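*Asks:* Pasted the sequence and its predicted model underneath.
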Amino acid sequence: MRVIPVWEGDKAPLKKGFEGDFKGKNGETLLLYEEERVLLLGLGKKATEESVRRAYAAAVRAARAKKFKSVNFVSPGKFEKGFVEGVLLTNYAFTEYKKDEVIEHISFIGLKDQKLLQKLETIRDGIFWVRNLVNRNSDDKAPAQIAKLVQELGKGKLKAKILDKHKLHEEGMGLILAVNRASSHDPYLVQLSYHGNPKSKDHVVLVGKGVTYDTGGLSLKPTDGMLTMKCDMAGAATVLGAVKTAAELGLKVNVTALAPLTENCIDGKSYKPGDVYKAYNGKTVEITNTDAEGRLILADALSYAAKHLKPTCMIDLATLTGAIVIAIGEEMSGLFTKDEKLAKQLLKASDETDELLWRMPINEDYKEAMKSEIADLVNSGGRDAGAIKATLFLQEFTGDTPWAHIDIAGPAYLTKPKHYNTTHATGYGIRLLMEFLENR
Ligand code: BES
Ligand code: MN
Ligand code: ZN
């Protein structure tokens, strides 16, 4: 099959009298039964990189619905990145539990930049690696299994370091251990480094929330809230996938992924509301809600990174709060940082990739809500401004290191397919981070 793009308002290649059948609206498709099957694809009137990405996503969906195994996609002549990404990212199926088919042979007709194709295929591989990990059953990606994956990745040009439960005890990572108490799977803190620029002192540390399942703990989630909670390690998958992809692209950067990994479960050993635990940096935390577990494990990881990894900057990615989804929805992540340089670089990467970030305020007045009578901090300060309070909590563990927090609870995992995201996990953040790292 051949996919032919048509701008809205241009004449579609249709037989006389049938011109009205196709307007060329963005994402509109019309299948013609010529000698070779032809799919007309509307691009709309005024295109952007993202509208082209979405239009070609519609073409891939239409081709897959008709079970075409070999498709030639004709280039729109501009927005080549959106063209290629729209096709590549939509040709995804998660087949561990159900049969599904993808297009086996794809060609990009009239693509001017062949090098771009190679690069985008490498990034696609990284995104699919993240999607596959996040979509999998929680018990098929338990902390030990992810640690093993990281160890395997560490055999090539990447370096892996794994802290197991015993080591976490020795180091005094009281918050990771508290969250892990009721789990039948041991916790891990995993580290994966790529030194692509040995001459430079620049070192980006990416920290990712790795809760392999979030029941809420004793502050149990209702069924509907729990349904998607195998996605709660998306931050960890994304930062690990980012380092792996940066290495495969051969980027001239030094970057480390750090991911605390545990479940948040219930049993007789559960950590309890009212309990106080001590963090890696010595601060004590009163647990006021066991469902605010992400910030606890990130706190230990962030203070560990600041102390041991000599980061020039730290960026954490986390499916941290429901509050951010209420505030800005599934289309974008919340960006929290006081560092203007980091903000500028990340927002630019967001503009370039259409992986949207929305800058959120860090209002110190809300620190009041994070005070405890019997410890240095509480872990949850109530529902209002929930995403900001979570950030204020994390801030207590970052020291002087320039730091940005990205709450990806919205776009990391979708309940319904949308555009070029076909199955739940999106791999959001890989394109953003590659762009950010490339420009460093
Ligand atoms: N993993 C959740 C946040 C989440 C919600 C991610 C929806 C993706 C979709 C997080 O651990 C959590 O439970 N947060 C609580 C915090 C509250 C108890 C202070 C929340 O947002 O309700
Ligand atoms: Mn939770
Ligand atoms: Zn969580």
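*Replies:* Perfect, thanks for sending it. Just so we're clear, the structure is a prediction, and the values are computed from it rather than from any experiment. Ligands and ions are numbered 1, 2, ... in the order given.

*Asks:* Pairing partners for the strand or helix carrying Ile106, with directions?
*Replies:* Ile106 belongs to strand 105-109 when elements are defined using DSSP states H and E. Each strand paired with strand 105-109, and its direction, by DSSP bridges: strand 70-74 (parallel).

*Asks:* For the protein, which residue gets nearest to ligand 3?
*Replies:* Per CB to the ion, Asp214 is where the chain lies closest to ligand 3, at 3.7 Å. Just so you know, the C-beta spots here come from the backbone N, C-alpha and C atoms, and that holds for glycine as well.

*Asks:* Now do the longest strand seen in the chain: which elements does it pack against?
*Replies:* Of all the elements of type strand in the chain, the one with the most residues (DSSP state E) is strand 254-264. Identification of packing neighbours for strand 254-264 by 3 or more CB pairs under 8 Å, 6 or more residues apart in numbering; DSSP states H and E yields helix 143-153, helix 174-180, strand 188-195, strand 204-208, strand 210-214, helix 234-249, helix 294-308.

*Asks:* Contact partners for the one residue in the stretch 51-200 of the chain that gets nearest to ligand 2?
*Replies:* The shortest separation between the stretch 51-200 of the chain and ligand 2 is 9.3 Å, found at Val179 (distances taken as CB to the ion). Contacts of Val179 were listed using CB atoms under 8 Å, 6 or more residues apart in numbering, and they are 187, 211, 217, 262, 264, 271, 290, 293, 296-297.

*Asks:* And the residue lying closest to it once chain neighbours are set aside, how far from Tyr213?
*Replies:* Leaving out its chain neighbours, the residue that sits closest to Val179 by CB to CB, 6 or more residues apart in numbering is Glu293, at 4.6 Å. Separation of Glu293 from Tyr213 (CB to CB, to the nearest Å): 11 Å.

*Asks:* Also Glu34?
*Replies:* In this structure, Glu34 and Tyr213 are separated by 51 Å, where distance is defined by CB to CB.

*Asks:* Which of those two has more residues huddled nearby?
*Replies:* Counting neighbours by other CB atoms under 10 Å for Glu34 and for Tyr213 shows that Tyr213 has the greater number, 21 against 9.

*Asks:* Kindly confirm whether my reading is correct that the more buried one touches Cys231.
*Replies:* No: counting by CB atoms under 8 Å, Tyr213 sits too far from Cys231 to count as a contact (9.5 Å).

*Asks:* quick one: which of the helices and strands packed on strand 254-264 is nearest Leu320?
*Replies:* If you check each of the helices and strands packed on strand 254-264 against Leu320 by CB to CB, helix 294-308 wins as the nearest, at 4.8 Å.

*Asks:* Which neighbouring elements make contact with the helix or strand of the chain with the lowest mean pLDDT?
*Replies:* Least confident element among the helices and strands of the chain, by mean pLDDT, DSSP states H and E: strand 29-33 (a mean of 94). Contact partners of strand 29-33 among helices and strands, from 3+ CB pairs under 8 Å, 6+ apart: strand 37-42, helix 49-65.

*Asks:* buried residues in the shortest one?
*Replies:* With burial defined by 16 or more other CB atoms under 10 Å, the residues of strand 37-42 counted as buried are 38-42.

*Asks:* Just give me the neighbour total for the closest residue to Ala58 other than its chain neighbours.
*Replies:* Once its chain neighbours are removed from consideration, Ala58 has its nearest residue in Gly27; the separation is 3.9 Å (CB to CB, 6+ apart). Residues lying near Gly27 (other CB under 10 Å) number 19.

*Asks:* Tell me if Gly27 really is in a strand.
*Replies:* No: for Gly27, which was evaluated using DSSP: H, G, I helix; E, B strand; the rest coil, the result is coil, with no strand membership.

*Asks:* Is it correct that it is in contact with Val60?
*Replies:* No: no contact is recorded between Gly27 and Val60 when judged using CB under 8 Å, the distance being 11.1 Å.

*Asks:* Could you see whether ligand 1 lies near the lengthiest helix in the chain?
*Replies:* Under DSSP state H, the helix in the chain containing the largest number of residues is helix 114-135. No: Helix 114-135 stays clear of ligand 1 (CB under 6 Å from any ligand atom), getting no nearer than 11.5 Å.

*Asks:* Which strands and helices lie in contact with that helix?
*Replies:* helix 80-90, helix 234-249, helix 430-438.

*Asks:* Please identify the deepest-packed of these.
*Replies:* Ranked by mean neighbour count under mean count of other CB atoms under 10 Å, the helices and strands packed on helix 114-135 are led by helix 234-249, which reaches a mean of 27.

*Asks:* Run a quick neighbour tally on the closest residue to ligand 2 within the chain.
*Replies:* Among the residues of the chain, Asp291 lies nearest to ligand 2; the distance is 3.9 Å by CB to the ion. The local packing count at Asp291 equals 19, with neighbours defined by other CB under 10 Å.

*Asks:* Just to check, Ser107 is in contact with Val84?
*Replies:* No: with contact defined as CB under 8 Å, Ser107 does not reach Val84; the gap is 11.3 Å.

*Asks:* For the stretch 301-440 of the chain, which segments count as strands?
*Replies:* If you assign secondary structure with DSSP state E, counting those that start in this stretch, the strands in the stretch 301-440 of the chain sit at 313-318, 332-337, 356-359, 377-378, 403-407.
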